[in-house]
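[1] sequence unavailable; structure follows:
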């Protein structure tokens, strides 16, 4: 991140233009690939074309739904999760609490098209493979955009940025498509899950005075390249409004010069709200809770950090036979192994949020589950291995009496001795993190906010 900040200070980014418009937000978003560990962002999965063609017929057939609603929502299929056999988009389905329906444009990558039985009532799904096909044709039959000062940037960085130029061409093709589409039909508002994956759409919306509202989809930090600019750009590639989990994240995007404070909203975290409201304790979890004095959930992340975490927990578990430690890997193809015992087990098939909600404590290194568990009413124990918790979550969670931070096996042992006979009030735990994850906004406040958004945009010339 320091390198990106340095570029903004030392290089005149305002000169990086196409058709007289500064395209720095796009360039910056992909300059992260200069880091060797992030170069995979530019790689194209070989299965993409096959997946798009597989869904093409159904996606074309679904285009008639475009007239079903004036509210358009853009997401992808990987964000749909089950709660009691009912499926929710982790970010967008909460909008159904405020709108009767919306047109849901779904990117099928990487999980494929969501089946009809996985949609909520009021979600009119349009698969996007036909849109990508048209963008591909525009890409092939249009000239590569001429970007001013691009060669100067390459010389300054001493890097070949031709792949990033190709990416900009792709987004420009997207802009041309959506700008043409909006000549025939215009939504009242467009909700995006990730603005920096939809630069072409954002630009087309802004040209046609359609408000762009980004729904927060993950943890936003002051070091995130897409939410931190040296000055407010107010250009055609960033959203008009930001709907956050809570006040903490609004301050991040405001201080990062993405949007003005008046254009932020404490929206809440709709999926966590649904999970907390609807997930019910299963017989399997009840048996564990009955058998042991405490049940502690361990959520996995990367395999290399999981190995260190599980080794530490494994050593500690020998001292606490009345505590069951349950490891839930991040992915089912996780290759991490450890010596399981009666009070230290691996549970792959359990719903992560169900386990976090009903266990007594939650352990992680720096997963966002640390925040989510507290929001579900379960205190967190952060193991600060390799200082990763301090680097990623310390500033966000801050001083919270329901978040316990330990730096060693000895400290964890001491903490568990104290917590073994400690009880807490779940509602107070939830309340303690409200600055980060707010309760869902009321229908009245949301309606007032959205009506104001639409009015401001229609009056803007």
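    Good, I have the coordinates. Only a predicted model underlies this, so the values are computations on that prediction, with no experimental measurement involved.

[2] low-confidence ranges in this structure?
    1-2, 33-48, 110, 460-461 (pLDDT under 70).

[3] give me that answer again for 80
    Filtered on pLDDT under 80, the chain yields the residue ranges 1-3, 32-52, 77-79, 109-111, 231-234, 331-335, 457-461.

[4] how's it carved up into domains?
    Listed by automatic domain parsing, the domain ranges of the chain are 2-43+142-268+440-459, 48-129, 282-432.

[5] out of those, nearest to residue 135?
    Taking CB to CB, domain 2-43+142-268+440-459 is the member of the domains of the chain nearest to residue 135, at 4.6 Å. Where C-beta positions appear, they are placed from N, C-alpha and C, glycine not excepted.

[6] strands along the stretch 1-150 of the chain, start to end?
    17-18, 21-22, 71-76, 80-83, 86-89, 102-107, 123-127 (DSSP state E, counting those that start in this stretch).

[7] count the neighbours of residue 393 for me.
    Residue 393 has 24 neighbouring residues, counting by other CB atoms under 10 Å.

[8] quick one: it and residue 353, what's the gap?
    18 Å (CB to CB, to the nearest Å).

[9] residue 402 now?
    For residue 402 relative to residue 353 (CB to CB), the value is 17 Å.

[10] so which residues of the stretch 251-400 of the chain form helices?
    270-278, 283-291, 303-317, 352-358, 369-375, 388-392, 394-397 (DSSP state H, counting those that start in this stretch).

[11] nearest spatial neighbour of residue 270, chain-adjacent residues omitted?
    residue 94 (2.3 Å; CB to CB, 6 or more residues apart in numbering).

[12] pretty sure residue 191 sits in a helix.
    No: with DSSP: H, G, I helix; E, B strand; the rest coil as the criterion, residue 191 is assigned strand and is not in a helix.

[13] list the residues that contact it.
    Neighbouring residues of residue 191 by CB atoms under 8 Å, 6 or more residues apart in numbering: 71-74, 92, 95, 102, 213-215, 243.

[14] distance check, it against residue 18.
    26 Å.

[15] now, which of the contacts of residue 191 sits nearest residue 185?
    residue 72 (9.7 Å).

[16] for residue 211, see how far away that closest one is.
    11 Å.

[17] equivalent analysis for residue 107, please.
    21 Å.

[18] before we move on, what about residue 447?
    Where residue 211 is concerned, residue 447 sits at a distance of 15 Å (CB to CB).

[19] same drill for those two, tell me which one is more crowded.
    residue 211 (23 against 13).

[20] residue 111 contacts residue 79, correct?
    No: if you go by CB atoms under 8 Å, residue 111 and residue 79 don't touch, sitting 9.1 Å apart.

[21] got any residues that touch both of these two?
    In contact with both residue 111 and residue 79: no residue, using CB under 8 Å, 6+ apart.

[22] just give me the neighbour total for the nearest residue to residue 237 once chain neighbours are set aside.
    Leaving aside its sequence neighbours, residue 237 sits nearest to residue 25 (CB to CB, 6+ apart; 4.4 Å). Using other CB under 10 Å, residue 25 is surrounded by 21 other residues.

[23] how about residue 25, what does it touch?
    Contact partners of residue 25, counting by CB under 8 Å, 6+ apart, are 196, 199, 226, 229, 233, 235, 237-238.

[24] which of those sit farthest apart?
    199 and 229 (14.6 Å).

[25] these two: which has the busier surroundings?
    residue 199 (23 against 20).

[26] might one say that that one is in contact with residue 174?
    Yes: using CB under 8 Å, residue 199 is in contact with residue 174, at 7.3 Å.

[27] helix or strand for residue 186, which one?
    Assigned by DSSP states H and E, residue 186 falls within no helix or strand.

[28] now do the contacts for it.
    Residue 186 touches 208, 210, counting by CB under 8 Å, 6+ apart.

[29] let's see that with 10 Å instead.
    70, 72, 205, 208-210 (CB atoms under 10 Å, 6 or more residues apart in numbering).

[30] repeat that for residue 126.
    Residue 126 neighbours (CB under 10 Å, 6+ apart): 59-66, 68, 72, 103-106.

[31] find the nearest non-adjacent residue to it, please.
    residue 62 (4.8 Å).

[32] that neighbour contacts residue 119, doesn't it?
    No: using CB atoms under 10 Å, residue 62 is not in contact with residue 119, being 11.3 Å away.

[33] neighbours around the nearest residue to residue 330 once chain neighbours are set aside, how many?
    Nearest non-adjacent residue to residue 330, counting by CB to CB, 6+ apart: residue 300, 4.5 Å away. Taking other CB under 10 Å as the neighbour definition, residue 300 ends up with a count of 23.
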